[in-house]
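Novice: Predicted coordinates and the sequence they were generated for:
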Amino acid sequence: MPPQTYSRDSQPRWLFPFVATVILVLSVLPLARLAATGISSALKGEAGRLLADPALWEATLNTLTTSLLGMIAAVTLGGSFAVLLTLFDVRGRGALGFLFMLPMMIPPQVTALSWIGLTGPSSTLLKAIGMAPPLGSPQPLYSIGGIALLFGVQHAPLVYLAMRAGLLALPKEGVEAARLSGASSWRVLLDIVLPLAVPGLVAGAAIAFVSGVGNFGIPAILGIPASIYTLPTLIYSKFASFGPTTFSDISIISALITLLAVAGLSVEARVLRGRDFRTIGHSGQAALFTLGRFRWIAELLLWGLTCVILVLPFLALLASSLAPAYGVPLTPETATLHAYEEVLFRQSVTRTAFANSISLAFASALGLLLISVLLGYYIVQTRSRLAGFIAALAEIPYALPGIVLAVAFILLFAAPLPVVGISIYGTVWIILIAYLSSFLAVSLKPVVSAYRQLDPSLEEAARLAGAGFSRRMRDVMVPLIAPAAGSSVILVFLIACNELTVSALLWSAGTQTLGVAIYNLDDSGSFDLAAALSVLVVAMVVVLMLALELMARRLPVGALPWRR
Amino acid sequence: MAPLILNSLEKRFASAAPAVRDLSLTVQQGRFLALLGPSGCGKTTVLRMIAGFEQPTDGSILLGERLLADAATMLPPERRNMAMVFQSYALWPHMTVAENVGYPLTVRGVGKDRARQKVREALSAVRLEAYADRRPAALSGGQRQRVALARCLVTEPDVVLLDEPLANLDRHLRQEMEETFREFHSRSGATMIYVTHDQSEAMALATDVAVMSEGRLLQVAPPEVIYARPEGRIVGGLVGQGSILSVRMPAEEAVRHLDWPRLRDALLHCNVAAPRSDVLVRPQDVILDGSGIAAAVMSSFFEGERYALRLQLADGQPLRAFSRQAVREGETVRVVLQSGWRL
């Protein structure tokens, strides 16, 4: 082997130790700790008692049923949007696409709350228009079907994105060539275009399934009141009733979730192997089929669906947040901002949650900015296999369901830190570290693709000009990747601000986040306050997504998750 | 003054054959060396080793007494006081022309007024004063090239490296830029290393031409010498136009410059016992003359001032020639080979 000294010569000596420490703390240690606890409790025979518990198998069955049904709903919804919006001359495609993507970025517990506000006897919206079912009738969403439906709504954008890539692969010229060779529009569609979308469809379905397996917010709000547990909510309830066997129980349930997720992802990997259509689709205009007189039907369908899955639930949420005292019907005269006043200025719990979430989101976004800029540089600059390995390790925590990651960090930090003897368990720091770990991949991806697009001679020219590492980083590299790094910051802020799953297990008194606050308010019956908080969260999501949308032209392709 | 010394340089990448092997070369201060060779011959690797972007796996690079790199140690590029014009120009798109040119000064902590003055001088040397506040994106290819050159000019570097700087320009601009490079060289007095695969560029610009092939250095000499007395088949084929004839000739004759009688003897009276040698014949030395040997005209093109002919000798060897008069394909002509060079 020739010496590899040249490969790292542009990097300062401290860069590799920094990268290794980051990967160790954020990925290797928590995962290793989780695996170790799982294996040791399995060896000690504690697994047997848990595996004999019918509740575990009921939860597994529930998880599988809801995820599979949710997957079917997501594929139906996402697939029809992808085909109609990508291939046909429907008007307002941009607006429809953006609206359809919104559920992906809205926190699941907010989705669940808004749908509860839409249906059932206590719906303020239904009561306002006099259509509410009689008091005492059951809330239809507190069921397996309800959970699956909302999984479908929440994860449909994932299917949409995965399919769109395949549908866009055939440029306009390809379709025109097929038409010239004598094929009719419908033949081209059936024979050429739709087959291209099949891998995307399967991949999207797998992602939707995996996301359902790991989802906590929806089954927590819809399932727990009806005693329907899925694996993530089972972990939560085991954790809430803390006992001597909790750690071994939750590590084994985490292993089960991971197994289901890996099974789903390996289906995806198998289908996508060697079928990367994205690379052949050059930037030419995509094919567009005319719907003729069916166009208005398609448009009606699309806007109708958008109304049902997005506009109506949001209106219900808004109505709930404006609801006057219990029993008074909502009219323009009785509407009150009392709930907003309460969550913003009076309740110390929600004010703490705001402060916590916003400072956590800031700290994660800025911390990950620093980490991504350095780690991304290392990954792109290093010509050895180690860089690929490190890039893969950085991806794992994001691919894991949040609840599993939270368990891993609990196990890792339950005991005081060695040497210093301080325990960060129960403080805001454990949440911050878990966030850094969980969102590392989100932040890293745009930065790495920006580095890859840079001409390497730009840095070499700076080196010959005499600029050392920190100097050329500051003057040349960082300004050039700034748009991508900026989108990383906003993206992480957006996700971290609304996060529930990780913080649901890691919070304690005084460190609750917005996600936890919304969940707890709903749990304790203050539905109007939970709704008001949710409306604020949705507004923030929309504003931040629009900001990113405005930046999109200057970002590397693939930087924004909803614009793949 | 400090010469640049490459001492049995070798570079192996992870795979197979070394990209550069056993390359020794000394470039005196102020010379303009062209590294000439076909693509993939290792010339860019040599340049990148001199710049400090690659570390040699064996041998060493010195600037005078100072060791720049060997297999164990390596002075990073930022401390070599060199400058480089990249094939892609490598201008920083977020800085103005003046900021691009002035950046090496900023990094070195040169005072603002002095830096501004030096930038103005450098820009006026490449006739771009008027563009100081533009961004590189607003410039044409040739203007970007000149900005890159001005960036080299500004710090008085010991060595200026140029990596196929004209490859992305059209023919008209190339001539203009060649002029600029010559001016730049005489003004700066810096040692210049110029990588190219275009032999006419190398000939027109350099004070010395180094010909490389498959990672080895074949010959280093001033352009006139390389042209008149190339060493070996590869150099002979690479430099200038010409045909290489294989003739049988007594080996003990040390003469390398061959005149017509010798060439005629060798071609006509084939001495089977004598070993074969390669002889380079330039087309301008092939004269159409009734007293010469017969050759068939394979093709004939009008090039403007003359016809370029491809001939075939009786034994099937190809030969190139020029002619003032029109000659038709398929004709047989008689040619005299005024001079040849034994490779």
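Specialist: Structure received.
Novice: what does chain B put close to chain A?
Specialist: Within reach of chain A by C-beta under 8 Å from any C-beta of the partner chain, chain B has these residues: B:12-14, B:51-55, B:57, B:71, B:74, B:76-84, B:86-88, B:90-94, B:103-104, B:106-108, B:151, B:155. No exception for glycine: its C-beta is placed from N, CA and C like everyone else's.
Novice: Can you go through those and name the buried ones?
Specialist: B:12, B:51-55, B:57, B:71, B:74, B:77-78, B:80-84, B:86-88, B:90-92, B:103-104, B:106-107, B:151, B:155 (16 or more other C-beta atoms under 10 Å in any protein chain shown).
Novice: mean confidence score for stretch A:444-453?
Specialist: For stretch A:444-453, mean pLDDT is 88.
Novice: next one: that stretch to chain centre, how far?
Specialist: 20 Å (C-alpha atoms, centre = their mean, to the nearest Å).
Novice: how about the CA coordinates for the biggest helix by length in chain B, as PDB?
Specialist: If you go by DSSP state H, chain B has its longest helix at helix B:171-188. Coordinates of the C-alpha atoms in helix B:171-188 are reproduced here as PDB (Å, rounded to 0.1, in the frame of the first residue of the first chain):
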ATOM      1  CA  ARG B 171      -8.000  30.000 -31.100                       C
ATOM      2  CA  HIS B 172      -8.100  33.800 -31.500                       C
ATOM      3  CA  LEU B 173      -8.000  34.400 -27.700                       C
ATOM      4  CA  ARG B 174      -5.100  31.900 -27.300                       C
ATOM      5  CA  GLN B 175      -2.800  33.900 -29.500                       C
ATOM      6  CA  GLU B 176      -3.600  37.000 -27.500                       C
ATOM      7  CA  MET B 177      -3.100  35.200 -24.200                       C
ATOM      8  CA  GLU B 178       0.200  33.700 -25.400                       C
ATOM      9  CA  GLU B 179       1.400  37.300 -25.900                       C
ATOM     10  CA  THR B 180       0.200  38.200 -22.400                       C
ATOM     11  CA  PHE B 181       2.100  35.200 -20.800                       C
ATOM     12  CA  ARG B 182       5.300  36.200 -22.600                       C
ATOM     13  CA  GLU B 183       4.900  39.800 -21.300                       C
ATOM     14  CA  PHE B 184       4.100  38.400 -17.800                       C
ATOM     15  CA  HIS B 185       7.200  36.300 -17.800                       C
ATOM     16  CA  SER B 186       9.600  39.000 -18.800                       C
ATOM     17  CA  ARG B 187       8.000  41.500 -16.400                       C
ATOM     18  CA  SER B 188       7.900  39.200 -13.300                       C
END
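Novice: buried ones in it?
Specialist: B:173, B:174, B:177, B:178, B:180, B:181, B:184, B:185, B:188.
Novice: surely the second one meets residue B:201?
Specialist: In other words, residue B:174. Yes. Between residue B:174 and residue B:201 there is a contact at 7.4 Å, judged by C-beta atoms under 8 Å.
Novice: okay, and the common contacts of these two?
Specialist: Counting by C-beta atoms under 8 Å, 6 or more residues apart in numbering or on different chains, the common neighbours of residue B:174 and residue B:201 are residue B:166.
Novice: Show me which of the buried residues of helix B:171-188 is closest to residue B:112.
Specialist: residue B:188 (23.4 Å; C-beta to C-beta).
Novice: The closest one and residue B:150 touch, don't they?
Specialist: No. Taking contacts as C-beta under 8 Å, residue B:188 lies outside contact range of residue B:150: 11.2 Å.
Novice: Show me what counts as buried in stretch A:475-494.
Specialist: For stretch A:475-494, by 16+ other C-beta under 10 Å, it's A:475-477, A:480-481, A:483-494.
Novice: CA atoms only: put that stretch into CSV for me.
Specialist: What follows is stretch A:475-494, C-alpha atoms only, in CSV (Å, rounded to 0.1, in the frame of the first residue of the first chain):
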residue,chain,number,x,y,z
ASP,A,475,-12.9,33.6,3.3
VAL,A,476,-13.6,31.0,0.6
MET,A,477,-15.3,27.8,1.5
VAL,A,478,-18.0,28.9,4.0
PRO,A,479,-19.2,31.8,1.8
LEU,A,480,-19.5,29.4,-1.1
ILE,A,481,-21.6,26.8,0.8
ALA,A,482,-23.5,29.5,2.7
PRO,A,483,-26.9,29.0,1.0
ALA,A,484,-26.8,25.3,1.7
ALA,A,485,-25.6,25.8,5.3
GLY,A,486,-28.3,28.4,5.7
SER,A,487,-31.0,26.0,4.6
SER,A,488,-29.5,23.4,7.0
VAL,A,489,-29.9,25.8,9.9
ILE,A,490,-33.5,26.6,9.1
LEU,A,491,-34.4,23.0,8.5
VAL,A,492,-32.9,21.8,11.7
PHE,A,493,-34.6,24.7,13.6
LEU,A,494,-37.9,23.8,12.0
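Novice: How about that stretch and chain B, touching?
Specialist: Yes. Judged by C-beta under 8 Å from any C-beta, stretch A:475-494 comes into contact with chain B at A:475, A:476, A:479, A:480.
Novice: In JSON lines, list those along with secondary structure and pLDDT.
Specialist: Shown next, in JSON lines, are the residues of stretch A:475-494 next to chain B (DSSP: H, G, I helix; E, B strand; the rest coil; pLDDT from 0 to 100):
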{"residue": "A:475", "secondary structure": "helix", "pLDDT": "93"}
{"residue": "A:476", "secondary structure": "helix", "pLDDT": "93"}
{"residue": "A:479", "secondary structure": "helix", "pLDDT": "90"}
{"residue": "A:480", "secondary structure": "helix", "pLDDT": "90"}
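Novice: Could you list which of the residues of chain B next to chain A belong to helices?
Specialist: B:51, B:103, B:104, B:106, B:107, B:151.
Novice: show me where the stretch 101-250 of chain A has helices.
Specialist: Ranges of helices within the stretch 101-250 of chain A are A:108-118, A:124-128, A:144-167, A:172-180, A:185-188, A:194-214, A:217-222, A:231-240, A:246-272, based on DSSP state H, counting those that start in this stretch.
Novice: related to what we said a few turns ago, could you point out the helix or strand that follows the longest helix of chain B?
Specialist: Using DSSP states H and E, the helix or strand that follows helix B:171-188 in sequence is strand B:191-196.
Novice: other SSEs contacting the helix or strand just after that following strand?
Specialist: For strand B:191-196, the following helix or strand on the C-terminal side (DSSP H and E) is helix B:199-205. Contact here means 3 or more C-beta pairs under 8 Å, 6 or more residues apart in numbering or on different chains; DSSP states H and E; on that basis helix B:199-205 packs against strand B:32-36, helix B:171-188, strand B:191-196, helix B:223-228.
Novice: what's in contact with the last one?
Specialist: This means helix B:223-228. With C-beta under 8 Å, 6+ apart as the criterion, helix B:223-228 contacts B:202, B:203, B:206, B:207, B:208, B:209, B:211, B:219, B:235, B:239, B:240, B:341.
Novice: count of neighbours near the second one?
Specialist: This means residue B:203. 18 (other C-beta atoms under 10 Å in any protein chain shown).
Novice: Find the least confident helix or strand in chain A, judged by mean pLDDT.
Specialist: Lowest by mean pLDDT, DSSP states H and E among the helices and strands of chain A is helix A:172-180, with a mean of 73.
Novice: and the residue in the stretch 301-450 of chain A positioned nearest to chain B, how many residues sit next to it?
Specialist: Nearest residue of the stretch 301-450 of chain A to chain B: residue A:383, at 8.6 Å (C-beta to the nearest C-beta). Other residues lying near residue A:383 total 13 when counted by other C-beta under 10 Å.
Novice: what about it, which SS state?
Specialist: Judged by DSSP: H, G, I helix; E, B strand; the rest coil, the three-state class of residue A:383 is coil.
Novice: swap in residue B:59?
Specialist: Using three-state DSSP, the secondary structure recorded for residue B:59 is strand.
Novice: wait, isn't it in contact with residue B:23?
Specialist: Yes. Proximity of residue B:59 to residue B:23 meets the contact threshold set by C-beta under 8 Å, at 7.4 Å.
Novice: Now the common contact residues for these two.
Specialist: B:6, B:8, B:9, B:10.
Novice: wait, what's in contact with the third one?
Specialist: I take that to be residue B:9. B:20, B:22, B:23, B:24, B:46, B:49, B:56, B:58, B:59, B:60, B:61.
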